[in-house]
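Participant: one predicted model, sequence on top.
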Amino acid sequence: MILYKTTIPINPRTKKNSMQMITRPRPRLIQSKVYKQYEKDCLTLIRAPREPLNCELIVKATYYRGTRHRVDITNLNAALHDILVKARVLEDDNYKIVIGTDGSRVFYDKDNPRTEVEIIGV
């Protein structure tokens, strides 16, 4: 049964590309400005349910990218799951809640890049 469904009408991004190294106060990696803006935009578009979902779920995402550049679907999924947690759609994205990503795919759509999300209860 589908518990949650949404479309995020923005070109999908990953967290792991273009990370920045800062040295003060201690050396560490931070997310790129492009990813931070993507996350901020997603958070304004996602409507959360009353309570975050916290049962066993399958998060199926269909990514339509605006370019044909190669991308790892696992990196897209990691970014999406973290955003869904931040948006309070998911309680957490650990293996006890997100038990699978069955059916997730990446396609090319230059004119309408987006992410279509279906969260299915098991």
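Facilitator: Structure received. Numbers count the residues shown, from 1 in each chain.
Participant: excluding its backbone neighbours, what's nearest the residue nearest the centre of the chain?
Facilitator: Among the residues of the chain, the one closest to the centroid is L80, at 0.8 Å (C-alpha atoms, centre = their mean). Residue nearest to L80 in three dimensions, not counting chain neighbours: A61, with 5.6 Å by C-beta to C-beta, 6 or more residues apart in numbering. In short, each C-beta sits where N, CA and C put it, glycine included.
Participant: adjacent strands (with direction) for the helix or strand the one you found falls within?
Facilitator: Assigned by DSSP states H and E, A61 falls within strand 57-65. Strand pairing for strand 57-65, determined by DSSP bridges: strand 98-100 (parallel), strand 105-108 (parallel), strand 114-121 (antiparallel).
Participant: can you give me the helices for the protein?
Facilitator: Per DSSP state H, the chain carries helices over the ranges 33-45, 73-86.
Participant: pull out the buried positions in the longest one.
Facilitator: Just to be clear, that refers to helix 73-86. L76, N77, A79, L80, H81, I83, L84, V85 (16 or more other C-beta atoms under 10 Å).
Participant: what does the model give the first one for pLDDT?
Facilitator: In other words, L76. What the model reports as pLDDT for L76 is 96.
Participant: same check, this time on S18
Facilitator: 68.
Participant: hmm, back to that, residue contacts, the residue nearest to the centre of the chain?
Facilitator: P12, V59, A61, T115, V117 (C-beta atoms under 8 Å, 6 or more residues apart in numbering).
Participant: nearest to E39 among those?
Facilitator: Of all these, the one sitting nearest E39 is P12; the distance, using C-beta to C-beta, is 11.7 Å.
Participant: for the lowest-mean-pLDDT helix or strand in the chain, name the packing helices and strands.
Facilitator: Of all helical and strand segments in the chain, the minimum by mean pLDDT, DSSP states H and E falls on strand 20-22, at a mean of 78. When contacts are defined as 3 or more C-beta pairs under 8 Å, 6 or more residues apart in numbering; DSSP states H and E, strand 20-22 packs onto strand 28-30.
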